Structure formats: structure tokens, C-alpha cells
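In: what would the 3D arrangement of this be:
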Amino acid sequence: MAKQQGEETGRRSSSAPQSAPRLKRQRSVSSHGGSNKKMSLSPAQTVQPSKPATIEKSARCIVERIKGTKHPTLNGLFTRTFEIGPDGTHYLYIFGGAREVSIHHAEITNDFYRLNMNTLEWTDISGELRECLDAGSPYRRRLLSHSLPPRENPSSALYHCDGRAFFHIFGGTDKLTTNPTNDLFVVDLYRLTWERVITLNEDGKPALDLLPRSGAGSIIVDHKLFVFGGWTRANDERYTVGRNVNSFSVLDLHSRVWIVKDRPYPPEVETLGYNISVFAPKAYKGWKLVLMRNKVEDDRPIKFEGNYMWLFNTRTYAFTRQENGGDLPPPHSWADVCPHRESEKTCVLYGSINEPDPVSGELPSDLWTFDTVTDQWKCEGFKQELWDLDCDLQTLEHVPGKGWCLLGYKQPESNRKKKKTAPESDFNRTWNVCVTLSLENA
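Out: Model (predicted):
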């Protein structure tokens with residue numbers, strides 16, 4: 001567990017949309033063959049392989065194939081974090097999610113992969129994690145070769161302390177009980193160790209009554225973990241659908257005490273739904289967070305109107321409505337928001353517009369930038385270019401020195417000529433492509 005002095009490192013929660021029923025974009029995922037017998041090196045020791053191969057290029061898009069002995073499947077409802085290693089290498093980590101093995105069955109996983117964004121190569125680190133057990137003394141700590149418990153739709157946040165990076169994973173749906181949890185796991189990304197953290201109430205007792213949830217929005221600022229919203233089971237156990245968590249909590253990472261626990265949103269906020277986008281623009285220097293409402297109900301689109309965007313003061317816990325104008329995004333079936341990691345003001349929204357193509361019935365995608373200084377949205381007009389790429393792009397990341405990258409799946413040319421024999425053939429898609437975008441002034 002991170003301790004002593006640390007710093008805030010960006011954002012946020014899970015990248016995939018809602019739980020059940022899942023969106024069409026998450027339907028075609030599956031386990032896949034292959035193995036990775038070599039023990040992977042830590043980020044600081046990784047041997048740099050050759051550069052990625054460009055397979056397609058247009059005026060504003062460069063499509064590159066992602067390498068690796070084993071590629072992760074396109075699990076729905078995963079979580080991720082972005083980290084810059086000690087040697088300056090950029091890494092993307094993805095964990096968990098639901099691997100759909102057929103139309104009617106999805107398996108909650110503990111898949112844990114690391115993507116070198118400089119060379120675009122995956123490394124499977126799922127089986128290399130070791131659980132750190134504290135026997136009551138620092139001289140009696142034990143390390144066991146245990147992987148993380150499987151989780152669907154947990155939230156996550158990154159924290160730097162003592163020269164290392166700690167990946168905090170909160171909540172999510174448990175594989176055995178299929179219920180949301182209030183567990184907190186901390187992964188040392190450099191040593192590949194993890195531990196389950198027992199959080200406390202202010203009276204010093206374990207916080208067993210903290211509301212369990214999936215799909216929360218999380219971020220760490222000044223050694224405090226902020227958790228917003230999510231969804232949980234309804235009070236009546238007969239229901240299998242979730243309900244929104246309209247509250248926030250704050251955990252002090254040093255003391256492991258919830259200094260704010262399940263505090264309701266003010267009436268004017270109403271709800272932020274689940275899979276909330278949370279980020280800390282550099283211009284606010286940690287004083288304010290930007291919160292953006294996401295899904296409210298599984299079968300309803302995300303609407304960018306009304307009270308959907310808020311500023312949150314990390315010192316006073318006050319909510320202030322974020323003004324916004326310009327080219328407002330239309331309703332989306334799902335959306336992902338990523339902040340610019342070098343700029344003080346920009347974030348980009350990517351997702352599927354809730355207007356199916358009249359011919360194929362599929363949902364087109366586009367990008368919008370939001371300027372936190374001018375409070376203006378701008379449509380970047382990538383709709384046709386992304387459509388022509390014919391890729392299943394799942395998530396957006398900003399990589400310093402590289403730019404905006406969309407990651408997902410592109411069917412190999414050899415497979416495009418083969419006739420699809422059964423729906424199950426869709427469930428073997430993996431993260432195998434990176435699309436680098438050229439955005440002016442973003």
C-alpha cells in the first residue's frame with residue numbers, strides 16, 4: 001500500500017460501458033489460444049523490440065498492428081491505467097472485465113496485460129503477480145503466487161509514491177457471487193505484487209458497511225482516493241438489475257480511513273450514473289475535478305444536456321455546474337473521455353453515436369474535444385475516416401509525444417476473405433490495432 005508522500009496521477013474509472021445487458025460493441029469477445037512462457041521483465045528492464053508496423057495510413061489516421069506473443073481479448077467492462085515508466089517508456093495496463101465466450105455466456109476474468117505504447121507490444125502479466133500477505137510485522141511479510149481475484153467493471157486510479165507506481169482497483173462485480181463489492185486492491189506495477197487493503201471507518205473498525213458498487217469513477221489527488229457513483233444491487237434481492245449509486249466517498253490512503261463515506265450528491269446534481277468520467281485538468285492544480293455523467297440506464301443513451309457536467313472541489317467537496325457550449329455531442333450509446341496529458345485544458349470524448357447506419361445497422365463513431373478554459377465543445381469530424389478504417393475501436397488514450405490513440409481490433413486481411421460460419425466466430429477478437437490520430441490544437 002502506498003504510504004507517506006505521494007502525488008496525484010490523472011484519472012479514473014473503467015473504460016467500458018454498463019453491466020448487463022451489455023452493449024453490442026462488447027458482444028464479440030472471447031478467450032483465445034496461445035501462451036507466453038517467458039517471464040516478463042519489469043517496465044524498467046523491458047528489452048525494446050522493433051518498431052510497430054504501419055498497415056494503413058490516411059491524412060489524419062495511422063493504423064499500426066500491435067505485436068505480442070499473446071494478445072488480450074476484447075473483454076467488456078475492463079479497467080485501465082496509463083503509466084510512464086522510470087525509463088520514460090509509456091505503458092497502458094488493462095485489468096479484468098467480462099470475456100464473452102458465446103452469445104449467452106460471459107466469464108468474469110482477472111486478465112492483466114501491459115502494452116508498451118512506444119513499441120506497441122503486449123505482455124501478459126496475469127500469472128506473474130504475487131500476493132503480499134502482512135503477518136503483523138514488516139519482517140514477516142510473505143509473497144504468494146496468487147493472481148488478482150476476477151472482477152467485472154471495477155474502477156481504478158494510479159498513485160505514485162516512493163519512486164513506484166501503485167494501481168488501485170476498487171469495487172467491481174465478483175465472479176463467484178456475481179454481486180458488486182467494496183474491495184480495494186493495490187498493485188505495485190514495478191514489483192508486480194498486490195495486496196488486499198482493509199479500509200476503516202473513522203472509529204477504527206473495518207468499513208464493512210461501505211456501499212458495494214461496480215462502474216464507479218475514481219481518481220487520486222493528494223493521497224486521497226475519490227470514488228463517485230457507480231451502480232449496485234437493488235435493496236430487494238429479488239431484483240437482478242442494478243441501481244445508481246448517487247453518492248461519493250473519500251479514502252485517506254495513509255490512514256486507510258474513509259473520511260467521507262457514501263455522502264449523497266447535492267439535490268441539483270441528481271445522478272451521474274455509472275462509468276463516470278473523472279479527470280483533473282492541470283489548470284486546476286488538483287483543486288478541482290471534472291465529472292461527466294455517463295450511463296444512467298442500460299437501455300438509454302448518454303445525453304450531453306442538462307446537468308451532465310460538474311466541477312468538484314477536492315478541498316470543500318462542493319459541486320459547481322460546468323458551463324459548456326459549442327458543438328455539443330449528440331446522444332451516444334457509449335462514450336469514453338480522456339484528458340490531454342500535457343495540455344492544461346483539453347480533453348477528448350470518443351464513442352458510438354446512437355444513430356445506427358441505415359445500411360449496416362452498426363453505430364458510427366466520432367471525436368469531440370472540450371476546452372476547460374473556454375468551456376466549448378468542438379466536433380473533430382472523424383466520423384467518415386473512422387468508418388472507412390473498418391475497425392472495432394474500444395478505448396482512447398493520449399500518449400505524450402505520440403498523440404491521441406484509439407485501440408481495438410481490426411480483422412486480418414487473410415480472414416476477411418473467409419466466410420463467417422457462425423456467430424461464435426465473432427468471439428475471438430483481440431486488442432491488435434492502434435490508430436494514431438492527428439488532431440489540430442489538441
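In: contact partners for the nearest residue to R80 once chain neighbours are set aside?
Out: Computed as Cβ to Cβ, 6 or more residues apart in numbering, the closest residue to R80 that is not its neighbour in sequence is I94, at 4.6 Å. For every residue, glycine as well, the C-beta is placed using N, CA and C. Each residue near I94 by Cβ atoms under 8 Å, 6 or more residues apart in numbering is listed here: P72, N75, F78, T79, R80, D111, F112, Y113, L115, W431.
In: got a winner among the residues you listed for most neighbours?
Out: Greatest neighbour count in those, by other Cβ atoms under 10 Å, goes to F78: 30 neighbours.
In: now the residue nearest to R80: which helix or strand?
Out: Secondary structure here is read from DSSP states H and E; on that basis I94 sits in strand 90-95.
In: Y159 now?
Out: Assigned by DSSP H and E, Y159 belongs to strand 155-161.
In: what pairs with that strand, and is each one parallel or antiparallel?
Out: Strand 155-161 sits in its sheet next to strand 6-8 (antiparallel), strand 164-170 (antiparallel), going by DSSP bridges.
In: now distance to N182, mean neighbour count and mean pLDDT too, for these, in a markdown table please.
Out: As requested, those are exported to a markdown table (distance: least, Cβ to Cβ, whole Å; neighbours: other Cβ atoms under 10 Å; pLDDT from 0 to 100):
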| stretch | distance to N182 | mean neighbour count | mean pLDDT |
| --- | --- | --- | --- |
| strand 6-8 | 22 | 17 | 45 |
| strand 164-170 | 8 | 23 | 97 |
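In: just put the contacts of I94 in JSON lines and tack on secondary structure, pLDDT and distance to H160.
Out: Written out in JSON lines, the entries for those read as follows (DSSP: H, G, I helix; E, B strand; the rest coil; pLDDT from 0 to 100; distance: Cβ to Cβ, whole Å):
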{"residue": "P72", "secondary structure": "coil", "pLDDT": "93", "distance to H160": "25"}
{"residue": "N75", "secondary structure": "coil", "pLDDT": "88", "distance to H160": "27"}
{"residue": "F78", "secondary structure": "coil", "pLDDT": "95", "distance to H160": "22"}
{"residue": "T79", "secondary structure": "strand", "pLDDT": "96", "distance to H160": "18"}
{"residue": "R80", "secondary structure": "strand", "pLDDT": "96", "distance to H160": "17"}
{"residue": "D111", "secondary structure": "coil", "pLDDT": "96", "distance to H160": "24"}
{"residue": "F112", "secondary structure": "strand", "pLDDT": "97", "distance to H160": "19"}
{"residue": "Y113", "secondary structure": "strand", "pLDDT": "97", "distance to H160": "21"}
{"residue": "L115", "secondary structure": "strand", "pLDDT": "97", "distance to H160": "20"}
{"residue": "W431", "secondary structure": "coil", "pLDDT": "96", "distance to H160": "26"}
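In: ok, the residues you listed vs C347, which is closest?
Out: R80 (16.1 Å; Cβ to Cβ).
In: what ranges does the stretch 151-300 of the chain have for its strands?
Out: Counting by DSSP state E, counting those that start in this stretch, one finds strands in the stretch 151-300 of the chain at the ranges 151-152, 155-161, 164-170, 173-174, 184-188, 193-196, 217-221, 224-228, 231-233, 242-244, 247-252, 257-264, 277-279, 288-292.
In: still on that earlier bit, can you lay out the strands paired with strand 155-161 as a markdown table showing distance to V296?
Out: Converted to a markdown table, the strands paired with strand 155-161 look like this (distance: least, Cβ to Cβ, whole Å):
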| stretch | distance to V296 |
| --- | --- |
| strand 6-8 | 28 |
| strand 164-170 | 21 |
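In: got the residue ranges for the helices in the protein?
Out: Under the criterion DSSP state H, the chain contains helices at 383-389, 413-416.
In: quick one: the contacts of I94 as CSV, columns for distance to F185 too.
Out: Formatted as CSV, the contacts of I94 follow (distance: Cβ to Cβ, whole Å):
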residue, distance to F185
P72, 19
N75, 17
F78, 15
T79, 11
R80, 15
D111, 15
F112, 11
Y113, 16
L115, 20
W431, 22
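In: before we move on, back to that, kindly compare burial across the strands of the stretch 151-300 of the chain and name the winner.
Out: The highest mean neighbour count among the strands of the stretch 151-300 of the chain, using mean count of other Cβ atoms under 10 Å, belongs to strand 151-152: a mean of 30.
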